[in-house]
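Student: Below is the structure, and that's it, no one-letter string:
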């Protein structure tokens with residue numbers, strides 16, 4: 001089993017294409033099934049601590065993987081039983097079923113076991129489970145002390161992360177060859193438990209990947225405050241939001257942070273307060289300009305956003321500013337842009353279109369010519385060229401006022417340091433999530449901004 005960090009993410013269609021390429025290169029379909037089933041069996045042996053395993057097999061290739069798992073466990077002397085929904089239907093699954101020499105129990109009447117392996121349906125499921133099947137799966141899951149899904153828990157949509165009915169959650173999901181969007185997109189991600197990746201020898205396109213620990217530049221002997229990255233933040237009507245973003249940028253290692261429009265000195269004293277003027281807004285040393293935190297949405301604020309758009313600085317558009325721009329304005333801008341909408345802001349700017357959260361983020365990035373950080377429990381980061389990064393589930397305690405302002409500041413620090421906009425957005429999301437994990441429960445956004453320093457130190 002491998003960590004999912006940085007792993008490729010494939011839709012159902014892309015998975016089939018990757019498998020087809022392997023078959024065209026000479027890999028036999030049943031040989032790949034054996035590789036997958038054996039890898040799962042070895043992983044199951046390590047976590048089952050000798051407990052009896054019940055493998056539930058469906059009619060397709062996921063069920064075929066299940067038969068290989070059972071045969072591999074049995075050959076190693078591990079107690080294992082098989083229950084099947086119906087007869088195998090694919091050639092490889094039939095061959096795998098023939099390799100299992102033990103009895104096959106009917107799924108409906110199967111007795112529970114301490115370890116339950118769900119190999120009923122994989123990436124091909126497109127509809128709600130039959131009520132009887134769902135009830136049996138839930139019954140067996142409740143009775144098990146450990147539940148494991150092969151590739152995906154039965155009852156989730158591979159590409160969108162939607163649920164077909166109310167599928168039983170599992171403790172561990174063994175992803176085969178690559179992750180699938182449902183491992184990371186809610187609500188399915190919450191049903192997958194701990195996701196572990198198994199290598200089965202397929203080559204996966206790396207344009208869509210799981211968020212990974214970033215590589216961030218560290219100051220060298222010639223470093224000074226400006227070449228480490230200058231961040232400027234336009235103060236909004238709610239000054240606290242702007243200050244949170246500024247504090248976050250400082251703790252995320254920006255060398256110089258200026259709050260434009262704030263003239264009253266207050267702690268932290270390292271934060272530079274400058275009047276908002278053409279001169280301060282046009283400072284050529286600015287490596288990232290942030291507009292939107294606590295801004296307000298009236299006409300004067302719209303004019304302020306247009307002034308920010310008129311600069312050539314790398315720009316982060318957050319919060320209220322997302323209600324005051326159009327995709328056409330953003331696409332017409334020459335400099336790099338990163339947008340950081342939550343769900344409501346996303347709909348206000350781009351509408352509530354079809355497709356998965358990943359599809360919608362990609363479409364939005366193309367429409368705006370900008371990197372889009374579609375925030376939430378399943379944050380998706382998409383670039384206009386189709387590259388995307390999906391974040392594993394972050395702390396639920398991030399659902400607190402000001403956490404989005406902190407994220408904008410963290411991304412700004414990474415962007416000002418010279419990272420590619422997609423990499424800067426991904427790095428900021430990673431730092432934000434790590435800071436939250438380090439804090440544990442019941443933190444506030446002020447704590448989160450300070451904790452970015454510890455998260456940044458982990459990759460220094």
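Tutor: That came in fine, so what should we check first? Since we're looking at a predicted model, the values are computed, not measured. Residues are numbered from 1 along each chain as shown.

Student: Where does the prediction get shaky in the protein?
Tutor: Across the chain, the ranges flagged by pLDDT under 70 are 263-267.

Student: Against residue 381, how distant is the residue most central in space within it?
Tutor: Centroid-nearest residue in the chain: residue 391, 2.2 Å away (criterion: CA atoms, centre = their mean). With distances taken as CB to CB, to the nearest Å, residue 391 is found 7 Å from residue 381. To be clear about C-beta, it is placed using only N, CA and C from the backbone, and glycine gets the same treatment.

Student: Name the residues contacting each of the two.
Tutor: 211, 429 (CB atoms under 8 Å, 6 or more residues apart in numbering).

Student: Show me what residue 172 is bridged to.
Tutor: Residue 172 forms beta bridges with residue 148, residue 194, as assigned by DSSP bridges.

Student: what sits against it?
Tutor: Contacts of residue 172 by CB under 8 Å, 6+ apart are 47, 146-149, 193-196.

Student: could those residues go into CSV alongside distance to residue 432 and neighbour count?
Tutor: Formatted as CSV, these follow (distance: CB to CB, whole Å; neighbours: other CB atoms under 10 Å):
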residue, distance to residue 432, neighbour count
47, 31, 16
146, 32, 19
147, 31, 22
148, 31, 27
149, 29, 32
193, 23, 17
194, 22, 13
195, 21, 25
196, 24, 17
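
Student: And the furthest pair within these?
Tutor: Greatest spatial distance in the contacts of residue 172: 146 and 195, 15.1 Å, computed using CB to CB.

Student: Can you classify residue 116 as helix, strand or coil?
Tutor: Counting by DSSP: H, G, I helix; E, B strand; the rest coil, the backbone at residue 116 sits in strand.

Student: residue contacts, it?
Tutor: When contacts are counted by CB under 8 Å, 6+ apart, residue 116 touches 53-54, 56, 140-141, 143-144, 146-148.

Student: same thing but 7 Å
Tutor: The contact partners of residue 116, by CB atoms under 7 Å, 6 or more residues apart in numbering, come to 54, 140-141, 144, 147.

Student: again, but for residue 384
Tutor: Shown in contact with residue 384 (CB under 7 Å, 6+ apart): 365-366, 369-370.

Student: Neighbour-wise, which one of those leads?
Tutor: Neighbour counts for those (other CB atoms under 10 Å) peak at residue 365, which has 28 neighbours.

Student: Buried residues in the helix or strand harbouring that residue, which are they?
Tutor: Counting by DSSP states H and E, the element that carries residue 365 is helix 357-368. Neighbour counts over helix 357-368 (16 or more other CB atoms under 10 Å) mark 357-368 as buried.

Student: same thing with stretch 29-40?
Tutor: Using 16+ other CB under 10 Å as the test for burial, stretch 29-40 gives 29-30, 32-40.

Student: same thing with stretch 274-291?
Tutor: Residues of stretch 274-291 classed as buried: 274, 276, 280-281, 283, 286-291 (neighbour count, 16+ other CB under 10 Å).

Student: what do you get for stretch 137-147?
Tutor: In terms of neighbour count (16+ other CB under 10 Å), stretch 137-147 has its buried residues at 137-138, 140-141, 144, 146-147.

Student: Then stretch 310-329?
Tutor: Under the neighbour-count criterion of 16+ other CB under 10 Å, stretch 310-329 has 311, 313-325, 327 buried.

Student: Could you pick out which of the residues you listed are located in strands?
Tutor: Counting by DSSP state E, the buried residues of stretch 310-329 place 315-317 in strands.

Student: Do a quick rundown of the helices in this structure.
Tutor: Under the criterion DSSP state H, the chain contains helices at 12-24, 29-48, 61-75, 91-98, 131-143, 239-251, 278-281, 299-309, 327-332, 343-350, 357-368, 403-416, 421-439, 445-457.

Student: Compare those and give me the one nearest residue 1.
Tutor: Closest to residue 1 of these is helix 29-48 (CB to CB; 5.1 Å).

Student: chain center to the closest one, what's the gap?
Tutor: Relative to its chain's centre, helix 29-48 lies at 26 Å (CA atoms, centre = their mean, to the nearest Å).

Student: That one packs against which elements?
Tutor: Here helix 29-48 touches helix 12-24, helix 61-75, helix 91-98, strand 146-150, strand 172-176, strand 194-198, going by 3 or more CB pairs under 7 Å, 6 or more residues apart in numbering; DSSP states H and E.

Student: Could you dump these into CSV with distance to residue 402 added?
Tutor: Formatted as CSV, the helices and strands packed on helix 29-48 follow (distance: least, CB to CB, whole Å):
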stretch, distance to residue 402
helix 12-24, 38
helix 61-75, 44
helix 91-98, 52
strand 146-150, 37
strand 172-176, 33
strand 194-198, 30
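
Student: quick one: which of the ones you listed is nearest residue 439?
Tutor: Nearest to residue 439 among the helices and strands packed on helix 29-48 is strand 194-198 (21.5 Å), distances taken as CB to CB.

Student: tell me the angle that closest one makes with strand 146-150.
Tutor: For strand 194-198 against strand 146-150, the angle between stretch directions is 40 degrees (axes from the mean of the first three to the mean of the last three CA atoms, to 10 degrees).

Student: Which residues does strand 194-198 contact?
Tutor: If you take CB under 7 Å, 6+ apart as the criterion, strand 194-198 is touched by 1-2, 4, 7, 39-40, 43, 171-176, 179, 183.

Student: same thing but at 8 Å, please
Tutor: Residues outside strand 194-198 that contact it (CB under 8 Å, 6+ apart): 1-4, 7, 36, 39-40, 43, 171-179, 183, 392.

Student: where does that strand sit relative to the chain's centre, distance-wise?
Tutor: 14 Å.
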